[in-house]
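Student: Make a model of this:
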Amino acid sequence: MVQVELQRQRGGWFLRYFIDRPGGVTLDDCQAASRQLGIELDVEDLIPGRYTLEVSSPGLDRPLNTEEDFRRFAGKLVIIHTYEPIYQRRHFVGRLRSLEAGIVTIEDAGGGRWAIPRSIISKARLEVEL
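Tutor: Coordinates of the predicted model:
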């Protein structure tokens with residue numbers, strides 16, 4: 001499991017469940033996870049009332065949530081938002097260089113390097129490169 005989103009919608013709940021594994025996720029993986037998770041949710045009655053379950057891969061613009069994510073995708077283009085300004089900004093786009101001692105380092109297109117404490121990152125995700 002990579003991420004879970006639960007939203008209240010008209011007529012019930014919408015549960016979005018993202019899965020991942022080395023080598024990527026197949027449609028069969030999503031179907032199997034959906035069947036298993038659906039059974040567990042129904043047996044345990046974890047979501048009151050009606051719900052819609054969606055299981056998918058994180059996609060090309062996947063979120064980076066864990067230290068492993070930041071290490072795994074070193075060298076990739078990322079977008080980072082921070083809770084508070086650092087270097088007089090809260091939005092960064094650049095190539096992910098490293099995560100060391102709680103500091104995420106990215107390099108922007110102009111060659112500038114930015115050291116961002118992981119503790120102030122509110123959202124980080126891969127940027128799709130075409």
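Student: Buried residues in stretch 121-130, which are they?
Tutor: By neighbour count, and taking 16 or more other CB atoms under 10 Å as the criterion, the buried residues in stretch 121-130 are 121, 124-126. Heads up, the C-betas are built off the backbone N, CA and C, glycines and all.
Student: and it, average pLDDT?
Tutor: Stretch 121-130 comes out with an average pLDDT of 94.
Student: okay, how far is it across it, tip to tip?
Tutor: The first and final residues of stretch 121-130 sit 25 Å from each other (CA to CA, to the nearest Å).
Student: repeat for stretch 18-36
Tutor: Between the start and the finish of stretch 18-36 there is a gap of 14 Å, counting by CA to CA.
Student: avg pLDDT for that stretch?
Tutor: 92.
Student: Give the buried residues for stretch 48-64.
Tutor: Going by neighbour count (16+ other CB under 10 Å), the buried part of stretch 48-64 is 51, 53, 55-58, 62, 64.
Student: From the residues you listed, pick the one nearest residue 81.
Tutor: Checking these against residue 81 by CB to CB gives residue 64 as the nearest, at 11.4 Å.
Student: host element of residue 35?
Tutor: Secondary structure here is read from DSSP states H and E; on that basis residue 35 sits in helix 27-44.
Student: how far is that helix from where the chain is centred?
Tutor: Taking the mean of its C-alpha atoms, helix 27-44 sits 20 Å from the chain's own mean (CA atoms, centre = their mean, to the nearest Å).
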